Structures are given as C-alpha cells and as structure tokens.
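Enquirer: sequence-free structure coming up:
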C-alpha cells in the first residue's frame, strides 16, 4: 500500500509544485494540509550521501507561518511557551515548545521575531494557527493571527554556504545559526535564515510572493549547479542520526518537553508565566518518567516505522521506537525512542521487536548519533 | 505523481487498518493526520453505482471526535457556533459551522450532544481540537477538551438499514436522520448514529475501544454479505451530485457560512452570542458576495480537481470549481463552484477552464444535482 494518494484541493500544492514535478518527484508526505516533496528518484540512502556531501534544494512550503501581530503580540507569544523570550531579539530564531495546560506538546515551532510586535511561528504538523486564534479570541488579546502565503525554500547541505554566497553575498552566507536577515529578490524584500531540518543545516528563504516561486527556484537551481545541487527533501537517515525529532512522530500531546530533552529551553522558576507552567514544574520536580534516546540495533536494513516498535529489557517493556532507518555510515539500524528512566544509560543491551514480530538485539545510545 | 506517499507515525493508521489492507485498499487520502481509505480496486464510477444500489463498509476513523465535558461545556459549545443550540437535545446530531471572528470557516463538524455537559464535535479536516483548547484556556472555561480514541465505522448505501436491522434490531434501524442511540457491542456500550457522507447516508458506529475494531469490522462484514456489501469510502461522484461540501475543498478560512448555503442554520438576530456574530450580521445585511452552486459542463470525463478551475461568463471570471467528476447518471461533468452573485440563476451558460487550458461550455445548476 505505498501508492494511491488521491489528490484534492484540501491537500494543497505549493507554488514550486510545477518545478517539483518537472524534477521528477517520486516520494512525498502530507504535512500541514500540503504536499511535502521528499525524494526525486534517488533512494533515501543515495540522497543521504548526496545531502551530506553536496547541496540540495527543498520545497518546504509545508512549514507554514502563523503570523501574530499587534499590541499584545509579544505578551501572547510569551504566554504560549515555557521558553523565556524576555531577551528575544529581532532577527533571531527560537525553537519554542508549545504545550497544553497539562504540559503535553501541541507543536514545536521555530519562532522568528520580526519586530517587537510581529512574530512568525514556523510550525510543525498541527494547526497551531487555530490554537493561537483560540487563545487570542478567548483571552481577548489585541492581535491579528493569520497564515500568510509564505512558502519557504530550503538550501541544505555543506555547500549551501557557497550557493548562498554566490546568490546573495558573503554577509548573508556568514549568518550565524538561527539568525535571519533580509535579502533583495527581484526587487522584493525577503527573509533568509540560517536553519533547516538537516544535520548540516543551511538556509531557508521565506518567500512571501507565490508569483516569484518559480523564478526563485530557477535562480537557486542555476546557482547550485556548480556545487552539484540536486532536488531533495528532509532525509530520514540524516534526521535520525542528527537526533532531529518530528512532531507527530517522536512526540504527541501525550509527551512533554522534558521527555524530549527540551528542558534546557524551558524556564520553570516562575519568572515567566506561561500555559502549562504548573504541570511542567511538577514534572520537573519528579523528573520525567521517560526520556528520548537513540537505539542502535542489529539486522538487515529495517523497514520504515509507522507504528511504534516495542523496546524491551528482558521481560520488561522499557520504550518504543518511533522513527528508524538503516545508517550506511554506522552500518547499523538507528532509531529514536522514548525510554523509561532507569534504563537511560548508554551501552545497555535491549531487544527491539520489528513489525514482523521478530526480535533483534540493540543498544541504548546518546543523541545525536552523529553531529552535523 | 499519483504514487509515493511515505508512511510515518505522524500519518496515523486506524485500528481497522489491517482489515482495510486485507480488503485490498488501492486509493486513500490523508485527513486529520490519518489515512482515509477511499477505494478498493473498483473505479470511482463502479464504486459509485455499487454504493447507490447496495451497501458499503467505510473506515472513517479520520472523523476524529473533539470531546468537551464539564460545567462550562454547553456555554463554550454555543459560543463556538452561530447555530442556536438552546433547544439542542441529547441523542441528536447538529451540523454546526465554526467560524473565526471575521466569519471565516475554521471547520464544519457534526455536533453530538451526549449529555447536558458532554459533547462531541465530529470534525472535518482541521485541528479543531487545538482551537477549542485555545478558547477554553484563553477564556478560562471550566471544561476538559480531548480527542478520545474513537474510530467511527460507517455503513452506507440504501441497504444499510437492512444490515443494521440484522445486527442491532429494528429500533436502531429506524433511527431518524441525525439521531443517535446506544447499542450493546460485545458487552460494551457504543454510539450509533443515522448519518454519513453519502447521498443515501446510513449509519456510523463510534467505536470507543480500538481492541474491538477488527471484531466489529468482521461482524459488520458478515452481516453485510447477504446484501452485497463491499469495502469503500467517501465517493467523489456521489458527494458532488448530493452537494455535500468538503472543508478544505469547497470552503476555507476565506469563506463564510452564508456563502456555503448554511445561513439557514445560523441565528444572527442577536438572541445568541457567538464568535463571529458581528461579522456574519454584516455579511448577511449586505448579502454574500458569492454563493455555492453546481456547474454541469461538457466534454469527456474530466480529471480530478486539486487546483481550482476558473469559471467565466464571457470575459468575466465569475467563480471557480473546487471539486469535479464525471457523473455517469447525468452523463455530464458536474462541479461544485462558488459563483459571484448576479450569476447565480440556474440555466445560465458559462465557460469552464480545465487544467490543460482548454475551455468547455457549462451551465449553472441548483444543488443538489440529485437527491439521495
């Protein structure tokens, strides 16, 4: 059952879609009610090597922006997350967990501070727009909350710096990680950030004019050819090795940020007020009951994981793998797994149960498996 | 590009999935972060005839329930929609538009009133859960807002009544449209409603225990065999003929309920207070600028519509088709289209522009094209 997605307007295509089609897209996902192109004829493994040695162009329009503007914007954004944003600077990106009153994750967007009263939440796969609208209406905040038609285009891989330098100059190419700036593009002002969902990262151009999508794609493509650019998308092997967690995969509303290793960006001492503070304080005081870890395991290359795979220590179930892939670099399967506390130490032997019911030996590992 | 959806935990499968797979699913969609099985080897046209003459079993687990319980539940539900729910009765279903402050549609769920302080919103394809959570947190409502693991199984088509009578008796089979009751299922108490996303409608069983999913599927399947039951899913031809509108297809946040013909379920006289009331009152006073209509148009069977197709009257663009199919019964293509006021009258000649750029003649029609 790997084929047969029926298209409808409800599953939106991006303004790069014609180019994506021309480049021969073969694999994709659905994310935020949009098509996310993931592969272009190459195997996941071939694309992994290419991404890690060259540079790729990715249509990541699925990273929708929730734009919050108005007199109460900063107050609402701070209420939304346990991350302390009092010192947040314009021109910077911030990874912010967003949690329910009970501390459960609702999304894990990247916040872009555009101005003192204007923010973008670059969101993972849930309608955070509706949550923020609900908060604003319910709480009577004086803000506008919209989804502008911004369609990010990513340039990812070690040679992304060279491509950006050729296109927009050295100043842009030397942006620090999670900083953004403005570029002139065909006479318009666009945002480019040093960021992306790969181990090497790269840059993301937040194009706010769909009519410029194909010209932008062509511009980037032409500039990338001397550096071996190919079309690609978020790579499963790369993201697992890098320990990049996916909302809906590694975490759902059942999980809290402390389980996900995001405690370091949460300020729980009471100096800020935010939704879920008391729940997170209680979890922090008791310690999270499980924590995200890596599991390296034996056997031939594993299938893709779309229903969690149990992880056992002897008779006891101690966790579940939620994303897994064969790592050609580590020559082993690697998985991301929530593991019960008491079993977190690296090097412990465990057993992984695969979808066919077979068991294979594994070992608990630190994350990331490999640094970008 | 009709193949290649890459599976992940983020795109959830239902507890009926193994049965769906065994029945040879060939086409599906992604809806509310879940797989929606749509076809099983038959063409859309063959399945249309089968659905309209026999009975089908559909896995519609994608219709997730947003459960609102607590002392403030009724007050919050009324605030959520311009439909007057003051006389709403337990055991009844209500179609309720949910709109933003500016009147734009956020979802169009079916409300099930389970008790005076307990409601389900059976939602279309957007995370209404997050909106309701936001409203509850923002407004300080004393409610719990959750998504229980309820997985509806639909029995649709003219012989659905016979199948339900054989399974659960005449009283259940004689339920009125949009009423629900409780049944005993393997010693558990489950909800069954007279409803569904087809012209003939039928019944939906809101199974609240995933471990009973395969036994329920088998029970229904066995009871359905004397009536020619096959596996199926929401049928594009049938829903267009019946004028059943899809959130994300016919309407988005850009549209208001008056454009969609839902004015008849909106109470705008000020006797209820709800989000978007003032915006809807203003739209109502001025009259909606466009209204949903049918368009019948010539030519060979049209492709599926996933980017809106312009509708012109001479040089003037007067609307766009958002869903279209060949109707084997009407022997013409049929589409659902928002049409500018001034051009709403049935019988008017228009031109439809297809994805290949060709134009074909059409005519404005009343909805539904055909009653169930």
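Expert: Thanks, I have it. Note that the structure is a prediction, hence the values are computed from the model and not measured.
Enquirer: How about the residues of the stretch 51-200 of chain A by chain B?
Expert: Selection of the stretch 51-200 of chain A residues close to chain B by C-beta under 8 Å from any C-beta of the partner chain yields A:100-101, A:106, A:125-128, A:130-141, A:147. Placement of C-beta: from N, CA and C, glycine included.
Enquirer: Among these, name the buried ones.
Expert: A:100, A:106, A:125-128, A:130-139, A:141, A:147 (16 or more other C-beta atoms under 10 Å in any protein chain shown).
Enquirer: Spit out the contact partners of the residue in the stretch 151-300 of chain A positioned nearest to chain B.
Expert: In the stretch 151-300 of chain A, the residue found nearest to chain B is residue A:248; the distance is 3.2 Å by C-beta to the nearest C-beta. Residues counted as contacts of residue A:248 (C-beta atoms under 8 Å, 6 or more residues apart in numbering or on different chains) are A:124-126, B:8-11, B:33.
Enquirer: Minimum pLDDT in the residues you listed, which residue is that?
Expert: Minimum pLDDT across the contacts of residue A:248 is recorded for residue B:8, with 92.
Enquirer: is it true that that one touches residue A:246?
Expert: Yes. Using C-beta atoms under 8 Å, residue B:8 makes contact with residue A:246 at a distance of 7.4 Å.
Enquirer: In which helix or strand does the residue nearest to residue A:178 when sequence neighbours are not counted reside?
Expert: Among residues not flanking residue A:178 along the chain, residue A:93 sits closest, at 4.1 Å (C-beta to C-beta, 6 or more residues apart in numbering or on different chains). Here residue A:93 sits within strand A:93-95, counting by DSSP states H and E.
Enquirer: So what pairs up with residue A:36 in the strands?
Expert: Per DSSP bridges, the residues bridged to residue A:36 are residue A:29.
Enquirer: Can you name the residues of the stretch 201-350 of chain A that neighbour chain B?
Expert: Neighbours of chain B within the stretch 201-350 of chain A, by C-beta under 8 Å from any C-beta: A:246-249, A:253, A:275, A:304-308, A:322-323.
Enquirer: OK, contacts around residue A:109?
Expert: Per C-beta under 8 Å, 6+ apart, neighbours of residue A:109: A:66, A:95-96, A:98, A:121-124, A:128.
Enquirer: again, only this time at 10 Å
Expert: A:63-66, A:80-81, A:93-98, A:120-124, A:126, A:128, A:247 (C-beta atoms under 10 Å, 6 or more residues apart in numbering or on different chains).
Enquirer: Next, work out how far apart the residue lying closest to residue A:311 once chain neighbours are set aside and chain B are.
Expert: Once flanking residues are discounted, residue A:311 sits nearest to residue A:319: 4.2 Å by C-beta to C-beta, 6+ apart. Distance of residue A:319 to chain B, given as C-beta to the nearest C-beta, to the nearest Å: 14 Å.
Enquirer: quick one: contacts for residue A:68?
Expert: Here residue A:68 is in contact with A:74, A:76-77, A:80, A:111, A:114, A:117-121, A:129, A:132-133, A:135-136, A:141, A:143-146 (C-beta under 10 Å, 6+ apart).
Enquirer: Now with 6 Å, please.
Expert: Counting by C-beta atoms under 6 Å, 6 or more residues apart in numbering or on different chains, residue A:68 touches A:119, A:143, A:145.
Enquirer: With that, I have no additional questions.
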